[in-house]
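[1] Sharing a model prediction with you, sequence too.
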Amino acid sequence: MKKYLYIILALLLLFALSAIAEEEREVFESGDYQYALLDDGTAEIVGYKNREVNELIIPDRLDGYSVTSIWDYAFPSFRSLTSVTIPDSVTSIGVNPFAGCSSLSKISVSPDHSVYAVIDNVLFYKPEKTLICYPRRRQNTTYSIPQGIRNIGDSAFSSCKSLTSVAIPDSVTSIGDSAFSGCQSLTSIAIPDSVASIGDYTFALCQSLTSVAIPDGVTSIGNYAFADCHSLTSVTIPDGVTSIGNGAFAGCQSLTSVAIPDGVTSIGNGAFSSCESLTSVTIPDGVTSIGDSAFYYCESLTSIAIPDSVTSIGDYAFSGCKNLTSVTIPDGVTSIGDYAFAFCRSLTSVTIPEGVTSIGDSAFFACESLTSVTIPEGVTSIGVDAFSSCKSLTSVAIPDGVTSIGNLAFSSCKSLTSVTIPDSVTSIGDYAFSGCENLTLTVGRDSYAKEYAKEKSINYTYPDALDWLNS
């Protein structure tokens, strides 16, 4: 799909996946509580049945078992829950179990609690100095994380819609998965140099975030880290980054340009997908692969230079880049993925390098302005729909190494008048040239292509058909 709506679904599925995983353990019920027994004979709360509860005081015992743990996402989508009290017996809390509690404003623990502390209703894990949960209903628009905190836990601020800014101290070294996901009012955030990694979905769906400077110490940007940050206009990726995760900037509709640093070796699947305002991208020489859908539907992208270091271009990599007028595929590329340049309606010409051995299904589908294409000798197969609906394509010479032409490969190429098919071709799809009303095939006298042309009632000629004129 054009928009990365499934990012939202993926975040919601975190709760569902937790429930599925829990089925592997035997679950018991005590009142509204659901719990599982741990190896040490204590109880872990995994769920609560009354989703209309307002105030929850978690007991220290269930059915005689000491309650020592609260499982990941144990209280998903509890919209009425306003306050939680955690007993001294609990010494382990998984990924923010209250991330789905949209009305939660108050968390309480005893001041003598051995491992947990609450400061201004924000829950912390003392041994690792980790911020576990910032209540979603806390009304503050700004928040300063206390100096000395080292980690921002997974989903710690998830969907805190009132927050416009968060100050992160230089004591923080890691920001967890989904830490700020869905913070729709967050407009700015300064990530300190002490941070070494940005997790998966960390800032996904922060739709008011306008700019972000990623510090020099960061080496990796997680999957969907900034996905669907619709207001993000600029991003600075430091030289230390070596990998850009899948969907890292997918759906950043206002992002106009991005410079990828030299240390990056791969651009993940969907990394810049649906960045509709992206006009320019600098891909450094060190990149060896461009992932599936990496620049899918980057509608404002007019040109891109793919460096010689790239050896693979994934499926849908530039599909839907309707204003892309030119592209140079480097010599090192060996395969062009399915739909790699599909719907690039402004692309007028393409030269496929000698190293390419296969052209994927629908690789140039609906490239309506494509007038010429050079297919190299190394290609052995042309995929299904590979050049279908290339309405301006007039002639194609298929090289000797090709053995198969996929079904619908050149269908609806209405301007196509000439295709040369070598004797090496032994398989042509039934509708490979359907809708090519003015086509004449040039075929060998004893070739498979000749028999195909006769069977399909396609005009054909021989390479030496006019030799008599010169004899």
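    Sure, I can see it. Residues are numbered from 1 along each chain as shown.

[2] In the protein, what helix or strand scores lowest on average pLDDT?
    Among the helices and strands of the chain, helix 6-22 carries the lowest confidence by mean pLDDT, DSSP states H and E, at a mean of 46.

[3] got the buried residues for the helix or strand just after it?
    Sequence order places strand 28-30 as the next helix or strand after helix 6-22, per DSSP states H and E. Of the residues in strand 28-30, Ser30 count as buried by neighbour count, 16 or more other C-beta atoms under 10 Å. The C-beta positions use only the backbone N, C-alpha and C, and glycine is treated the same way.

[4] Then stretch 208-218?
    Of the residues in stretch 208-218, those buried under the neighbour-count criterion (16+ other C-beta under 10 Å) are Leu209, Val212, Ile214, Pro215, Val218.

[5] With adjacent residues omitted, what lies nearest to the first one?
    What that stands for is Leu209. Across the structure, with C-beta to C-beta, 6 or more residues apart in numbering as the measure, the residue nearest Leu209 apart from its sequence neighbours is Cys229 (4.8 Å).

[6] tally of neighbours for Gly41?
    9 (other C-beta atoms under 10 Å).

[7] so where's the stretch 151-300 of the chain shaky on pLDDT?
    Flagging of the stretch 151-300 of the chain using pLDDT under 70 yields an empty set of residue ranges.

[8] show me where it has strands.
    151-152, 165-167, 174-175, 188-190, 197-198, 211-213, 220-221, 234-236, 243-244, 257-259, 266-267, 280-282, 289-290 (DSSP state E, counting those that start in this stretch).

[9] possible to save the ones you listed as TSV with distance to Arg79?
    Listed next are the strands of the stretch 151-300 of the chain as TSV, based on distance: least, C-beta to C-beta, whole Å:
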stretch	distance to Arg79
strand 151-152	25
strand 165-167	24
strand 174-175	27
strand 188-190	27
strand 197-198	30
strand 211-213	31
strand 220-221	33
strand 234-236	34
strand 243-244	36
strand 257-259	38
strand 266-267	39
strand 280-282	42
strand 289-290	42
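
[10] Nearest to Ile70, out of the ones you listed?
    The minimum distance between Ile70 and those falls on strand 151-152, with 18.0 Å, by C-beta to C-beta.

[11] Partner strands of that closest one and their direction?
    Within its sheet, and counting by DSSP bridges, strand 151-152 is paired with strand 130-133 (parallel), strand 174-175 (parallel).

[12] got a list of contacts for it?
    Outside strand 151-152, the residues within contact range by C-beta atoms under 8 Å, 6 or more residues apart in numbering are Glu128, Lys129, Thr130, Leu131, Ile145, Ile168, Val172, Thr173, Ser174, Ile175, Gly176, Ala179.

[13] Please identify which pair of those residues lies farthest apart.
    The farthest-apart pair in the contacts of strand 151-152, when distances are taken by C-beta to C-beta, is Glu128 and Ile168, at 16.5 Å.

[14] What is the burial count for Ala297?
    To be clear, residue 297 is Tyr; Ala isn't right here. Using other C-beta under 10 Å, Tyr297 has 25 neighbouring residues.

[15] Contact partners for it?
    Shown in contact with Tyr297 (C-beta under 8 Å, 6+ apart): Lys2, Ser273, Ser274, Glu276, Ser319, Gly320, Cys321.

[16] The fourth one: how many residues sit nearby?
    Using other C-beta under 10 Å, Glu276 is surrounded by 18 other residues.

[17] Strands along the stretch 351-471 of the chain, start to end?
    Along the stretch 351-471 of the chain, the segments classed as strands by DSSP E, counting those that start in this stretch run 358-359, 372-374, 381-382, 395-397, 404-405, 418-420, 427-428, 440-442, 459-461.

[18] partners of the first one, with directions?
    The reference is to strand 358-359. Per DSSP bridges, strand 358-359 is paired in its sheet with strand 335-336 (parallel), strand 381-382 (parallel).

[19] Out of the ones you listed, flag the one nearest Gly251.
    Proximity to Gly251, assessed across the strands paired with strand 358-359 by C-beta to C-beta, is greatest for strand 335-336 (25.1 Å).

[20] So which of Glu128 and Ile168 has more stuff around it?
    Ile168 (19 against 12).

[21] circling back: if burial is judged by neighbour count, which of the contacts of strand 151-152 pass?
    The neighbour count (16+ other C-beta under 10 Å) marks Lys129, Thr130, Leu131, Ile145, Ile168, Val172, Thr173, Ser174, Ile175, Gly176, Ala179 as buried among those.

[22] Closest to Pro111 out of the buried residues of stretch 208-218?
    The nearest member of those to Pro111, counting by C-beta to C-beta, is Pro215 at 35.2 Å.

[23] which residue ranges form the helices in the chain?
    Taking DSSP state H as the criterion, the chain contains helices spanning 6-22, 448-456.

[24] And the last one, what's buried?
    Buried positions in helix 448-456, judged by neighbour count with 16+ other C-beta under 10 Å: Tyr448, Ala449, Lys450, Tyr452, Ala453.

[25] Using a markdown table, lay out those residues together with distance to Thr82 and pLDDT.
    Formatted as a markdown table, the buried residues of helix 448-456 follow (distance: C-beta to C-beta, whole Å; pLDDT from 0 to 100):
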| residue | distance to Thr82 | pLDDT |
| --- | --- | --- |
| Tyr448 | 75 | 97 |
| Ala449 | 75 | 97 |
| Lys450 | 80 | 97 |
| Tyr452 | 73 | 97 |
| Ala453 | 76 | 97 |
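
[26] Okay, Glu26 and Asp63: tell me how far apart.
    Remark: distance between Glu26 and Asp63 (C-beta to C-beta, to the nearest Å) = 13 Å.
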